[in-house]
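Peer 1: Whatever this is, show me its structure:
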Amino acid sequence: MRLAQRACQVSPWPDLEPGLWLFEHRRCHDEIIAYSNALCYKGKLRPRRGSAPSDRLLPAMGYFHVDGKAVRAGNSRSNLTEAQSIVAWIAENRGPLEERYGRPVEEIVGVVTPFGAQVRELRRACTAHNITASGRTGMTIGTVHALQGAERPVVIFSPVYSKHADGGFIDGSPSMLNVTVSRAKDSFLLFGDMDVLVNAVPGSPRALLSSFLDQPGQELDFQPAPRADLQASKGRMQMLRNAAEHDSFLLNVLSAVAQRYLIVSPWIKLRTMERTGILQAVELAAARGAKIDIYADPLLNANLTLGGTSQIDEAARALEQIGVTLHRIEKLHSKIVAVDDNLLCVGSFNWLSADREGQYARHEMSYVYRSNDVEGEIRVTREDLKRRTR
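Peer 2: Numbering: from 1, shown residues only. The predicted structure follows:
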């Protein structure tokens, strides 16, 4: 086909490759095909299906941030936390999906990943959740070729890559993400490390995808799976299930005898830090000589306060007065607390901003790991944040 295209003398569009193009698109909702239109078709596609309906079950373009770890598996790669989070989400939403579409979830959802090793992890997770993942009636789970020419109402993409391995391979050709995204009729969902996606080379397929995904209302409300690789032994992992438990944990570790703290909270509000006692605890820790690094996202905290300064500037000024630096990283998704090199807490809780009560309070969960196994993970996290700050 490539040879025929190069030999074709019909070329009515100078900015596209030779040949006649079919520009009308009817499979995907307009919000989904808009990505492919920007990525591959110079904006010339004409969407004909229409926008996603107001009563949609899922966002047309959505994501769930996963703080997992990409590991080598022979010549392939896998990310166990990512695979388990995907299948846990499918299992939890099986009822609503089957009610909406009137067929088994195996016929509704397709999962695409760049790596065969991740396909195997996904299938093992499906078996554990009683989801058929093999045979003619099984859910389609495979590399991009598994859905080439096919379609599903919901397509989930598992990119595998994390801050442990960058993932530039995905950007080698726009066809991988073009095919993956455009297989989704109603909803395209990415489960993966969004911090890696937004930090991709500007203009690359992944960076473009992040701009389509990282919008208000497109993040899925779900709880992450725990990191099996950070559990040194049975009973070493602690779960934090609500705001009170999160506050108690943070106040306790700040009052302990530790030398170095890392707090990653994309949203930050000075009033919340004052009301919960976190600001005072940070001040006392800094006064005894502890080094405390706090990271927040300036894009999320640009709203003006009553004093006329931005939300992040107000917090930065208060922290500076007690000797603590607030680092600013745009498009930050991870929520992390690390203490010295032997305690790590990862989850979905915005430590320095979350509403503790009222209509906007959410059920959040975090996992606390205490072992020598976390030392390497904390080091990688600090290096990644430092690199992004520069």
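Peer 1: switch to C-alpha atoms for all contacts and neighbour counts from now on
Peer 2: Fine.
Peer 1: Could you pull out the buried residues of stretch 157-170?
Peer 2: Residues of stretch 157-170 classed as buried by neighbour count (16 or more other Cα atoms under 10 Å): 157-163, 167, 170.
Peer 1: Then stretch 318-329?
Peer 2: By 16+ other Cα under 10 Å, the buried positions in stretch 318-329 come out as 319, 322-329.
Peer 1: swap in stretch 66-76?
Peer 2: Those would be 66-71, for stretch 66-76 by 16+ other Cα under 10 Å.
Peer 1: and if you look at stretch 278-295?
Peer 2: Within stretch 278-295, the residues scored as buried using 16+ other Cα under 10 Å are 278-283, 285-286, 290-295.
Peer 1: pLDDT, secondary structure and distance to P59 for the residues you listed - can I get that in a markdown table?
Peer 2: Output for those, formatted as a markdown table (pLDDT from 0 to 100; DSSP: H, G, I helix; E, B strand; the rest coil; distance: Cα to Cα, whole Å):
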| residue | pLDDT | secondary structure | distance to P59 |
| --- | --- | --- | --- |
| I278 | 97 | helix | 35 |
| L279 | 98 | helix | 36 |
| Q280 | 98 | helix | 40 |
| A281 | 98 | helix | 39 |
| V282 | 98 | helix | 38 |
| E283 | 98 | helix | 41 |
| A285 | 97 | helix | 42 |
| A286 | 97 | helix | 43 |
| A290 | 97 | coil | 43 |
| K291 | 97 | strand | 41 |
| I292 | 97 | strand | 37 |
| D293 | 97 | strand | 35 |
| I294 | 98 | strand | 31 |
| Y295 | 98 | strand | 28 |
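Peer 1: Tell me the one of those residues nearest R136?
Peer 2: Distance to R136, by Cα to Cα, is smallest for Y295 among the buried residues of stretch 278-295, at 48.1 Å.
Peer 1: Test my guess that that closest one contacts I329.
Peer 2: Yes - using Cα atoms under 8 Å, Y295 makes contact with I329 at a distance of 6.9 Å.
Peer 1: Confirm that H327 sits in a strand.
Peer 2: Yes - assessed by DSSP: H, G, I helix; E, B strand; the rest coil, H327 belongs to a strand.
Peer 1: Mind pulling up the pLDDT for it?
Peer 2: pLDDT, H327: 97.
Peer 1: Tell me what it is bridged to.
Peer 2: For H327, the beta-bridge partners are Y295 (DSSP bridges).
Peer 1: Next one: it from D341, what distance?
Peer 2: Going from H327 to D341 by Cα to Cα, to the nearest Å gives 20 Å.
Peer 1: Check V105 too.
Peer 2: Distance of V105 to D341, computed by Cα to Cα: 43 Å.
Peer 1: Okay, helices next: where are they in the stretch 151-300 of the chain?
Peer 2: Along the stretch 151-300 of the chain, counting by DSSP state H, counting those that start in this stretch, helices occupy 175-182, 194-198, 205-213, 243-255, 270-276, 278-287.
Peer 1: Mean neighbour count, the ones you listed: which tops it?
Peer 2: By mean neighbour count, with neighbours taken as mean count of other Cα atoms under 10 Å, helix 194-198 ranks first of the helices of the stretch 151-300 of the chain at a mean of 23.
Peer 1: for it, packing partners?
Peer 2: Judged by 3 or more Cα pairs under 8 Å, 6 or more residues apart in numbering; DSSP states H and E, helix 194-198 is in contact with helix 205-213.
Peer 1: Mind giving me the packing neighbours of the helix it packs on?
Peer 2: Using 3+ Cα pairs under 8 Å, 6+ apart, the elements in contact with helix 205-213 are helix 30-40, strand 61-65, helix 194-198.
Peer 1: what do you get if the cut-off is 10 Å, keeping everything else the same?
Peer 2: helix 30-40, strand 61-65, helix 175-182, strand 184-192, helix 194-198 (3 or more Cα pairs under 10 Å, 6 or more residues apart in numbering; DSSP states H and E).
Peer 1: Can you add mean pLDDT and give those back as JSON lines?
Peer 2: Formatted as JSON lines, those follow (pLDDT from 0 to 100):
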{"stretch": "helix 30-40", "mean pLDDT": "97"}
{"stretch": "strand 61-65", "mean pLDDT": "97"}
{"stretch": "helix 175-182", "mean pLDDT": "94"}
{"stretch": "strand 184-192", "mean pLDDT": "98"}
{"stretch": "helix 194-198", "mean pLDDT": "92"}
